[in-house]
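Q: Take a look and give me a structure for this.
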Amino acid sequence: MNKCIFLDRDGVLNKDRVDYVYSEKYLEILPGVKESLLSLKKAGYLLIVITNQSGIAKGIYTEADMHHVHKLMQEDWEGCINDFYFAPWHPSVSESLTRKPDSLMFEKAIAKYKVDINSSWMIGDKNRDLVPAKKLGIKTIQVDNQDSEVADYKVSSLPNALDIILGVA
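A: So this is what the prediction gives:
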């Protein structure tokens with residue numbers, strides 16, 4: 001069984017934009033993210049991004065655009081992300097159990113990578129990121145210190161989450 005850090009993308013790894021992050025022009029990696037990811041990897045965690053990408057369903061950008069952004073992230077982060085799971089749906093266009101706050105993306109990753117949920121974490125910036133993790137018994141950390149009734153822990157950024165994860169692990 002493997003321990004894993006599940007990560008939301010927009011708002012945790014890169015700056016979130018109301019009009020979506022779908023090209024290099026809009027991609028702004030948050031401070032300390034690369035170092036944090038490499039530290040978690042060194043500590044033996046799988047790193048899996050779980051992200052809603054509703055701009056695809058809305059026709060704002062393509063799946064290829066999103067994959068290009070993920071490729072740029074991987075290049076910057078020395079290829080440390082084990083996998084990217086994405087839900088290209090939006091309720092105004094199409095429904096799917098993969099879209100957070102549903103848990104299907106998590107369940108697929110858990111099965112594929114033989115994840116031990118008891119030694120794994122989900123880091124997100126919104127309740128909808130954390131709800132499926134809590135449902136599955138995965139510990140949760142919310143970044144941005146937003147008000148959350150779901151989060152086990154709240155921190156201001158991904159680098160601050162390391163103290164909790166590595167301190168508890």
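
Q: Residues in contact with the longest helix along the chain: which ones?
A: With secondary structure taken from DSSP state H, the chain has its longest helix at helix 63-76. For helix 63-76, contacts defined as Cβ atoms under 8 Å, 6 or more residues apart in numbering pick out 13-14, 21-24, 27, 29, 34, 49, 53, 56, 80-81, 84, 86, 88. Glycine gets a C-beta too; all of them are placed from N, C-alpha and C.

Q: Report the buried members of the residues you listed.
A: 13-14, 21-22, 27, 34, 49, 53, 56, 80-81, 84, 86, 88 (16 or more other Cβ atoms under 10 Å).

Q: Which members of the residues you listed occur in strands, if any?
A: 49, 84, 86 (DSSP state E).

Q: Make CSV from the residues you listed and add distance to residue 114 and pLDDT to it.
A: Formatted as CSV, those follow (distance: Cβ to Cβ, whole Å; pLDDT from 0 to 100):
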residue, distance to residue 114, pLDDT
49, 18, 98
84, 18, 98
86, 21, 95
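
Q: Pick the one among those closest to residue 143.
A: When these are ranked by distance to residue 143 (Cβ to Cβ), residue 49 comes first, at 14.1 Å.
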